[in-house]
Each structure stands twice: as structure tokens, then as C-alpha cells.
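**Student:** Turn this into a structure:
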Amino acid sequence: MTTSPRARLIALLPSGRLLPEFVWHRRHRVIVRLALLSTATLLVLCLAWGAGQPVAVLVLAAVGGPLLVAAASSLGRTTRSAATTVSLMAASVALVHLWSGVTEAHFAFFVMVGVVSLYQHWVPFGIALVVVTLHHGVIGTLYPHAVFGHGGMHDPWAWAGIHAAFVLAASLAHLAAWRLNEDQVLSDALTGTANRTQLEESARRLLRDGVRASLLFIDLDGFKDVNDSRGHAAGDQVLLTVAERFRRSVRPGDLVARIGGDEFAVLLAAGPDEARSVGERMLLALSVPIGLDGGLATVHASIGLATSTDPGEHTADSLLRDADLAMYLAKARGGNQVVAYAGGMAEAARRRAELQQDLGHAVPAGQLEVHYQPTVRLSDGRTTGFEALVRWHHPVRGLVPPAEFIPLAEESGAISEIGSWVLQQALRQGAAWTAAAGHPVRMAVNLSPRQLMDREIAAEVTAALQDTGFPAGQLTLEVTEGVLVRDVDAVAGQLEQLRALGVAIAIDDFGTGFAGLSYLRRLPADVIKIDRSFVNDLSAGSPSATLVASIVELARSLGLGVVAEGVETEDQRRALVDLHCGSAQGYLFARPEPAERCRPAAELLSPSAVRA
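**Tutor:** Okay, here's the model as predicted:
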């Protein structure tokens, strides 16, 4: 792509951060007052040194006149700063002439260059350079004694060049200081990407210029687990790698920024379709595990998208806020996706924040309840155990779906307290059913990612087993497959400790987290649970049937049990039987129910009774 000579020239000029509006106005007012003071001082000198009234009028016009332009609020910043610079440089010229070219009078030029550098713009520097060159060259030739108080009067253009060189050097020094300061103020110290300040200023510039602007707000899923299990040094390495992958995923001209912790943002001069494409490339870039000193780690991302093409007025702050709201919805939907902002998300965020606050009181207030869903052996329809599932009865909102409050509990940390409570309740119920049945009743309890990464989880499970009297051999602890690929080595260590207690380990939602044989061979697992999304599409010859058959064969080769989740129809049950799947759960057999409404665990159910 070719560019015009003018564009190439502008690209070579010193450029940098535009001052925020309120900062520029504050500095401009101070510089205008200084120019007014210079005007008054020069008028006093005219009278004191006997320069006469015509000279005084000329000084007033040359120094004070441009300030009328500088004070016009309807004009742009560049024009007003240029007018103030002309006034200050005219004051320097007047001082040199009033002082008959005394060398010390020329120092005023350097003082004024320092003053106009406060504008942080190349136009004032250019004006200063032009004024010094023309004044010393032209006026120095016509009136050498008025400009030079030394031998420079014999070669005014040479000395004009010398003075101009000094002014240029002073200007470049100010510009260098300005840019070096910007590098520190506008960049993230760890990743070298832009920081929040630069992101907001760039967004304001795009919106001010009427350019379509889109903002991607990115929060890393699973980063806290890596940070907690591997240490902050490993966490920093992940952030560096993620930042580099983001830089390679965006287009030329897009701005990548780290705005705090594990949160990033990308600003694009583009519409929603182009922005979504960039976001999806970023998700793809994160699908590859990151190599660390202690092994591999995988993080994904929840991405929210907001754009200036959405209805309503937009500011940099509103784009960030809307993209942030969309990101939280992406996270609530399971993460690893891009969600665009839509009307109503602010209300949803308010509801979400209120729920999160109420969730902290749910356990002590007795609002939680454990429901139990049986696991059925497909060969004979017998109930082999139960899975404990938590439910929340909110005093105002009623029954809150687990898909809504479990992610909130994970975020806030309340999941640890909730998980401990569920474990105690489930083991206590399992012990009661075992005693009533006269034979072992298995109980499965889910472990959240936060619980699993807690180094005290083995001690917590041991204490719960001892308190309830429930045998460790009858307990299955379920962990989601997505947790495994985040940090397989750390997870494997925790699972080894738990398995050493005698409990079984089940890999839940298998097939959705990109784990495979290489992961399973390293994990101390006993059961694979096939995700319901594969069961829903079971039919002869379907891709899901082929995948389920492969998972069953994989489990058989590794000596693992298999449980299919979400079985709702008789056709699905028969298909699973034909694929030699061992056990299943789902509404076809029973919905999750409170303990008092569950069938007695000791009852041996016939296939027809199970499906009733």
C-alpha cells in the first residue's frame, strides 16, 4: 500500500501520547497566563528603557495579539497551542531587540521551548525552530546590532543556523524525555503491551475521530489455578506467552493491552464482524498448551465484545464496561467463547452481583439442599449408587439453577464452603442408606476446580469420612475433564493423594475438555463419565456413536469403568447397551430428588421399573 509524501512526512515527525482533555486545558491556561505576564513585563521594559510608544504598541500586537486566538475555545487544540507558542517566541524576539542583542537575552528562546514542551506536540517545537531561524537570519541580516551583541553580526545566517541547532537540540531533548516517560506510563511492565491508560486514550481518539471502534475484553480461564499450583513465576511466564500469542493473533494497527491481573483487552478500528474474527483467532491461539519448567499448562479465555456501532452514545469507559459485562456472560456460559454485548446485560450483571453476595450466606442460612440421582447398571437395570447434586432455594428468587450459581461460587470462592458442606451431607446420607440396606451403597460427589487445587483437600476428605463413618471404598470423587488439561501434573498429584485414601476417581464430562489418551495414562482415574452432549445425538452410524464407542474401548483398554450421562430416551439406552457402555444416569431412570423421595438404595430395580 502506497502512502502520500505528506503522510510519510507526518509519520517521521515526533508523535506520542495526546494529553487528556482536562490536563491540556489546565496546562494551556497556565501557559497563556505566562504569555500575558511576558507581555506586561515587556511593556514595562519599553517604558523603563525608553523604547517609545510605537515600539510598545508593536510589542503589544506581536506578543499579545496571538493570545486572542489562544483564548478562543471554539478553535482546536493545535491552533490554540500554536498561537500561544507564537506569542512566547515573539516575546523572546522582543527581549533580544530591547536588550540590543545581548547574548543572555537569547536564553529566553530556550526557556520558551521548555514551556511549550508542556503541550507534548510537535507543532510548538516546529514553530520555535522556524521563528529562531528566520529571526536570526533575516532580521540579523537587516539589523545585526539589534540581534547579535558579538561577532555574529558579520555572518548572521551562520549564527542563525547555530542558534536554530541549539533550539532543535533542546526540542529533541524535551521530546525524548516525553517519549521515554510515555514508555513507562503507557506500557505494562511485565508483558510490554499497552496498559489501561493507553487503551482508554486510544479508544477516546478513535471515538472522537468518528472511527468505528470495537473492544475485546479478555479474562483468562484457569489462570488462577496455574498461579496457585505452580507459583507466580510460572504465572508470569503464562502471561508473557499469552500476550505474545495475542499480538500474533491481531491485525496490524490493533492495540493489545493488559489491564490488570489476567485481564487483557484489544482495541480495533473495526466493526463487530472483524472484531469477532480476531477474538476467535485468539481463542484458537490459546488452545495449544503452554510449556513451563514443570510441564504443560493450558488456559482458555472468556471474551466480551462491545462496539461503537451498537445503539446509543459511546465513550471509552462505556466500551470497557459493556465488553466487561459481555465477558462475564461468556464466562457464565462455560468460557472459551466470544460473546457480544446486548441490551439487558447491565441488569443481568446487577442480578449476578446480588446472587453472588447472597450465595455467601446460603450455607449458614440453610438454603442449600442435596438431591440424589441414581447410577444404573445397563446390563440389568440395578441401581449401583447415587450422585450428590447441590440445589439452592433462594428466599426471594426461588430455586436457582446450578448452571447459574455454581460459576458464581467458583469465582467468589464460596464453592469451597459449599463443596465441604455437600461432601458432609452426602457421606452422612450414604452411611444411613448403607446401614438401612445392609450392603454397600456408593456415593459420588463432585469436586470443584478450586477444591481440587487446595492442598488440604485430602485432609478434608479424610475428616469427612471419619466424621460420617462412610467407608472410603464406597466414595467416588468426580472432577471435570476441563480441570485436567489446565495443569495435569498438579492435578495428578492431588488425585494420587485422594486415591491413596481408598476413594475412586471419576473424570466427568469426558470428551469436552480436549483431554485424551496421553492425559488418561498419567491420571489415577477409575471411571470415565461420557458427557451428555454425545448421548443426545446417539443414533446408528452417527459421529457421536463412533465417538462413544471409541471412549468405551479406550476405557476398557485402560481398565476404567464408563458411565453415560443425560440418558433420556429408550433409544439412547439401547444404543448404549449395544456399544457395551457399563452404566448410565439420566431422566429416563430418575431425576435428582431429595433423599426422602429417592427409591430405597437397597432395592434391586428391574429394567422395567428403572425406566418407569
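**Student:** which other residues reach the host helix or strand of A459?
**Tutor:** Element membership for A459 (DSSP states H and E) is helix 457-468. Helix 457-468 has contacts (CB atoms under 8 Å, 6 or more residues apart in numbering) with 420, 423-424, 427-428, 430-431, 447, 451, 454, 470-472, 475, 477, 494, 497-498, 500-501, 503. Where C-beta positions appear, they are placed from N, C-alpha and C, glycine not excepted.
**Student:** For the closest residue to V376 other than its chain neighbours, grab phi and psi.
**Tutor:** Spatial nearest neighbour of V376, chain neighbours left out: F589 (4.8 Å); criterion: CB to CB, 6 or more residues apart in numbering. Dihedral pair for F589: phi -90, psi -50, per degrees, to the nearest 10.
**Student:** do G260 as well
**Tutor:** Here is the backbone geometry of G260 (degrees, to the nearest 10): phi 140, psi 140.
**Student:** Skipping its backbone neighbours, what lies nearest it in space?
**Tutor:** Of all residues not flanking G260 in the chain, R196 sits nearest, at 7.0 Å (CB to CB, 6+ apart).
**Student:** count of neighbours near R212?
**Tutor:** By the criterion of other CB atoms under 10 Å, R212 has 16 neighbours.
**Student:** Kindly report the same for the one 4 residues further on.
**Tutor:** By the measure other CB under 10 Å, the count of residues near L216 is 28.
**Student:** Using CSV, list the CA coordinates for the host helix or strand of it.
**Tutor:** Assigned by DSSP H and E, L216 belongs to strand 214-221. Presented in CSV, the C-alpha positions along strand 214-221 are these (Å, rounded to 0.1, in the frame of the first residue of the first chain):
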residue,chain,number,x,y,z
SER,A,214,-14.6,-2.4,18.8
LEU,A,215,-13.2,-3.6,22.1
LEU,A,216,-12.5,-7.2,23.1
PHE,A,217,-12.3,-7.7,26.9
ILE,A,218,-10.5,-10.9,27.7
ASP,A,219,-10.3,-12.8,31.0
LEU,A,220,-8.2,-15.9,31.2
ASP,A,221,-10.0,-19.1,32.4
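**Student:** In the stretch 151-300 of the chain, where is pLDDT below threshold?
**Tutor:** For the stretch 151-300 of the chain, the stretches flagged by pLDDT under 70 are 151-185, 229, 294.
**Student:** now the strands: where do they sit in it?
**Tutor:** 214-221, 255-260, 263-268, 290-292, 295-297, 300-307 (DSSP state E, counting those that start in this stretch).
**Student:** Who is the residue positioned nearest the centre of the chain paired with across the strands?
**Tutor:** Residue closest to the mean C-alpha point of the chain, counted by CA atoms, centre = their mean, is E263 at 2.4 Å. E263 forms beta bridges with D219, G260, as assigned by DSSP bridges.
**Student:** Correct me if wrong: it contacts F217.
**Tutor:** Yes. Between E263 and F217 there is a contact under CB atoms under 8 Å: 7.3 Å.
**Student:** tell me which residues of stretch 570-577 are tucked away?
**Tutor:** 572-573, 575-576 (16 or more other CB atoms under 10 Å).
**Student:** ok so, going back, enumerate the positions of the helix holding A459 that are buried.
**Tutor:** For helix 457-468, the neighbour count (16+ other CB under 10 Å) marks 457-458, 460-461, 464-465, 468 as buried.
**Student:** got it, and stretch 407-424?
**Tutor:** Residues of stretch 407-424 classed as buried by neighbour count (16+ other CB under 10 Å): 407-411, 414-424.
**Student:** Provide the count of other residues in contact range of the spatially closest residue to T191 that is not a sequence neighbour.
**Tutor:** Spatial nearest neighbour of T191, chain neighbours left out: A243 (3.8 Å); criterion: CB to CB, 6+ apart. A243 has 19 neighbouring residues, counting by other CB under 10 Å.
**Student:** D508 sits in which helix or strand?
**Tutor:** In the assignment (DSSP H and E), D508 maps to strand 504-510.
**Student:** tell me how far that strand is from the chain's mean position?
**Tutor:** In terms of CA atoms, centre = their mean, to the nearest Å, the gap separating the centre of strand 504-510 from the centre of its chain is 30 Å.
**Student:** Pull up the pairing partners for that strand, direction included.
**Tutor:** Each strand paired with strand 504-510, and its direction, by DSSP bridges: strand 475-480 (parallel), strand 527-530 (parallel).
**Student:** residues making contact with that strand?
**Tutor:** Taking CB under 8 Å, 6+ apart as the rule, strand 504-510 contacts 444, 446, 475-482, 484, 495, 498-499, 515, 520, 523-531, 551, 563, 565.
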